[in-house]
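In: Using only what follows, build the 3D model:
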Amino acid sequence: MKRNEVRITDLWNKEKSKSLSEFIIDQSNKQTKERKLRNELLSIQFKIEDYIESENVIQKLNILDFVKMYLSALNITQKRLADLFEMKDSNLYKYLVGERKLNTTIVLKLSSFTDLNPEYWLRIEVKNELIEINKEKIKIKFFRKYNYQNLLTVQED
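Out: Here you go, the predicted structure:
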């Protein structure tokens with residue numbers, strides 16, 4: 001090994017790892033309840049963004065899965081959320097699990113409740129529809145016949 005070469009153990013070792021861990025715990029303990037809640041809500045938003053943007057989804061997540069994260073963070077029940085949304089719990093559940101397509105009213109209520117852009121909720125629904133299409137082995141190739149280039153080719157003939 002060369003004299004000036006830096007080894008990974010020079011930069012990172014168990015002692016430094018422990019020190020960093022203690023620092024993180026210490027800083028976390030100094031946060032207010034409100035700050036911890038904001039961090040948790042932000043974490044859920046990042047999970048939603050990651051789910052929407054991910055090309056290789058390992059597990060399909062329903063809107064309900066994300067709503068449950070919010071309910072857990074806020075320590076409220078789905079029934080209480082349904083009451084807030086002025087609807088029956090069973091009706092809300094059907095929207096959240098995908099039995100019913102989201103409508104503008106539900107999207108805006110979810111958006112207001114979570115303080116997220118309404119597009120997030122719609123994009124989750126669309127993502128899940130595309131996952132189902134792929135599960136049904138309907139290949140995207142089938143839809144290539146609708147490409148605009150096919151129309152232009154026909155016009156040129």
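In: so what pLDDT did the most centrally placed residue in the chain get?
Out: With distances taken as C-alpha atoms, centre = their mean, Ile48 lies nearest the centre of the chain, 1.3 Å away. In this model, Ile48 is scored at 97, pLDDT.
In: same question, Asn128
Out: Asn128 is given a pLDDT of 91.
In: That one - nearest residue in space that isn't next to it in sequence?
Out: Leaving aside its sequence neighbours, Asn128 sits nearest to Lys60 (C-beta to C-beta, 6 or more residues apart in numbering; 5.9 Å). Every residue, glycine included, has its C-beta placed from N, CA and C.
In: ditto for Tyr120
Out: Nearest to Tyr120 is Ile48, by C-beta to C-beta, 6+ apart, at 5.5 Å.
In: Kindly report the same for Glu49.
Out: Nearest one to Glu49, counting by C-beta to C-beta, 6+ apart, is Tyr120 at 7.6 Å.
In: got it, and Arg100?
Out: Using C-beta to C-beta, 6+ apart, the nearest residue to Arg100 is Lys94, at 4.6 Å.
In: What are the buried residues along the one helix or strand that neighbour maps to?
Out: Here Lys94 sits within helix 89-96, counting by DSSP states H and E. Across helix 89-96, burial judged by 16 or more other C-beta atoms under 10 Å covers 92-93, 95-96.
In: same deal with stretch 75-89?
Out: For stretch 75-89, by 16+ other C-beta under 10 Å, it's 81-82, 85, 87.
In: Please identify which of the residues you listed is nearest to Thr114.
Out: Nearest to Thr114 among the buried residues of stretch 75-89, counting by C-beta to C-beta, is Leu81 at 10.5 Å.
In: Noted, bye for now.
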